[in-house]
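Novice: Predicted structure and sequence below. I'll ask about it afterward.
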Amino acid sequence: MVFGIKFAPFSIPFRRRLQTLAIFLSMYIPFCGIISSIILFRLLYTQYYYITLLYLFWWIFDHETPIRGGRRINWFRNLPIWRLYAEYFPIRLIKTVDIPSNRNYIFGLHPHGILSFSHITNFLTEGTNFSKLFPGIIPHLVTINMQFKLPIQRDLFLSAGACSASKESWNYILRRKKGTGNAVCVVIGGAREVLDTIPNTMILTLKNRKGFAREALENGASLVPVISFGENELYQTMHHEEMSTGKKIQEKLYKLLTFTPPLFFGRGVFQYSFGIMPYRKEIFTVVGKPINVERISYPTDAQIDELHEKYIQQVINLYDEHKNKYGYGDIPIKIK
């Protein structure tokens, strides 16, 4: 401890240092997109202008890939860095039942957390052996279109199997893509749930999120609830009180922008007192039993509501069944 700062000891095993490096590098992927954009723009005014033009042509040619099932590259998903990424916390993917590959699925991921580390690890990489646990199931983590606008960043996301969260993208994966075993993996609470990311709580934004239920009925996709125990504990957040100043500011930003920058802090690379690195907290991601859904081309509001309520109850049951095992025994689940 120096000047109130707790520094990491020099005797840390080399593999733990590699784990920290893996997290550090992954957190700066968005900056890679920004920096790449600046570099490509500057190259336009040099003798290497053709590099920018070539990438621009590629971007135009490839612009529909995020809504056409992505461009997953298996060797990229199996890179050793993703094992190190999962080991940092560590993150463990828990299978409760077999999931047949003769249907298509929508995996509902809960909670969002600050940066969704467990959902990225489990469904965008093979860091927790998803393909071995669920053979024949091809996960497609869907995210906002902004992730596919910046160069390099978009290509990294697409290579990992990410897709756009648009309706067209969902329909392609669940209906027009050949074969079965395709899974849309969606953080249902979205950016709104970030505001309720508080350690030692499980607050899910779900009551008024019915779009996924409609998509499930229209495409005949089974619903699979997924809960990550420990995702909310990776950072200390600054909006503990419901009516705190920070919470009010974030609520206003969310209404204006439909997303909000979270107020949080964690640890640093070489010290444990402050920074944007997540804490080393164990995460258990439990994949529940599928709710089989038959296709209805034009579902009624009553049918959507019925499936939505059934899903919420399944999420509550999954949480109650496993909360004692994974350290949430005295923490009630709250559905907003």
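Specialist: Arrived safely, thanks for sending. Residues are numbered from 1 along each chain as shown.
Novice: Quick check: end-to-end length of stretch 83-101?
Specialist: 25 Å (C-alpha to C-alpha, to the nearest Å).
Novice: List the buried residues of it.
Specialist: For stretch 83-101, burial by neighbour count (16 or more other C-beta atoms under 10 Å) applies to 83-94, 99, 101. Where C-beta positions appear, they are placed from N, C-alpha and C, glycine not excepted.
Novice: I'd like a version of those residues in CSV, one that adds secondary structure and distance to Leu217 as further columns.
Specialist: Below are the buried residues of stretch 83-101 laid out as CSV (DSSP: H, G, I helix; E, B strand; the rest coil; distance: C-beta to C-beta, whole Å):
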residue, secondary structure, distance to Leu217
Arg83, helix, 38
Leu84, helix, 40
Tyr85, helix, 35
Ala86, helix, 34
Glu87, helix, 39
Tyr88, helix, 39
Phe89, coil, 36
Pro90, coil, 37
Ile91, strand, 32
Arg92, strand, 32
Leu93, strand, 28
Ile94, strand, 28
Ile99, coil, 19
Ser101, coil, 21
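Novice: Widest-spaced pair of these?
Specialist: Tyr88 and Ser101 (30.4 Å; C-beta to C-beta).
Novice: low pLDDT regions in the chain?
Specialist: 1-4, 7, 238-262 (pLDDT under 70).
Novice: hmm, try it at 50
Specialist: In the predicted model of the chain, residues 243 satisfy pLDDT under 50.
Novice: can you pull out the strands in it?
Specialist: Along the chain, counting by DSSP state E, strands occupy 91-95, 105-110, 138-143, 163-164, 182-187, 202-204, 222-229, 236-237, 264-265, 283-287, 333-335.
Novice: got a list of what the nearest residue to Val286 once chain neighbours are set aside touches?
Specialist: Distance criterion C-beta to C-beta, 6 or more residues apart in numbering; nearest residue to Val286, sequence neighbours excluded, is Ile94 at 4.5 Å. Residues near Ile94 by C-beta atoms under 8 Å, 6 or more residues apart in numbering: Phe284, Thr285, Val286, Val287, His322.
Novice: ok, the second one - how many residues close by?
Specialist: Which is Thr285. 25 (other C-beta atoms under 10 Å).
Novice: Then the first one?
Specialist: Other residues within reach of Phe284, judged by other C-beta under 10 Å, total 20.
Novice: and what of the third one?
Specialist: The tally of other residues near Val286 (other C-beta under 10 Å) stands at 21.
Novice: Can you name the residues that contact it?
Specialist: With C-beta under 8 Å, 6+ apart, Val286 has these contacts: Ile94, Thr96, Val226, Ile227, Ser228, Phe229, Leu318, His322, Tyr326.
Novice: For His110, see how far away it is.
Specialist: Per C-beta to C-beta, to the nearest Å, Val286 is found 10 Å from His110.
Novice: what's the overlap in contacts for those two?
Specialist: Val226, Ile227, Ser228.
Novice: Now flag whichever of these is closest to Tyr172.
Specialist: The closest of the shared contacts of Val286 and His110, once distances to Tyr172 are taken by C-beta to C-beta, is Val226, at 21.9 Å.
Novice: Count the neighbours of the closest one for me.
Specialist: The number of residues packed near Val226 is 24, by other C-beta under 10 Å.
Novice: and what of Val187?
Specialist: Residues lying near Val187 (other C-beta under 10 Å) number 25.
Novice: residues in contact with it?
Specialist: Going by C-beta under 8 Å, 6+ apart, Val187 touches Leu109, His110, His112, Ser116, His119, Glu193.
Novice: Could you identify the most distant pair in these?
Specialist: The largest separation in the contacts of Val187, counting by C-beta to C-beta, is between His119 and Glu193 at 11.6 Å.
Novice: related to what we said a few turns ago, dump the contacts of Ile94 to JSON lines, plus distance to Pro199.
Specialist: Below are the contacts of Ile94 laid out as JSON lines (distance: C-beta to C-beta, whole Å):
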{"residue": "Phe284", "distance to Pro199": "16"}
{"residue": "Thr285", "distance to Pro199": "18"}
{"residue": "Val286", "distance to Pro199": "19"}
{"residue": "Val287", "distance to Pro199": "23"}
{"residue": "His322", "distance to Pro199": "18"}
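Novice: Let me know the closest of these to Arg68.
Specialist: Among those, and counting by C-beta to C-beta, the member closest to Arg68 is Val287, at 26.3 Å.
Novice: Counting neighbours, what do you get for that closest one?
Specialist: So Val287, with other C-beta under 10 Å, has 23 neighbours.
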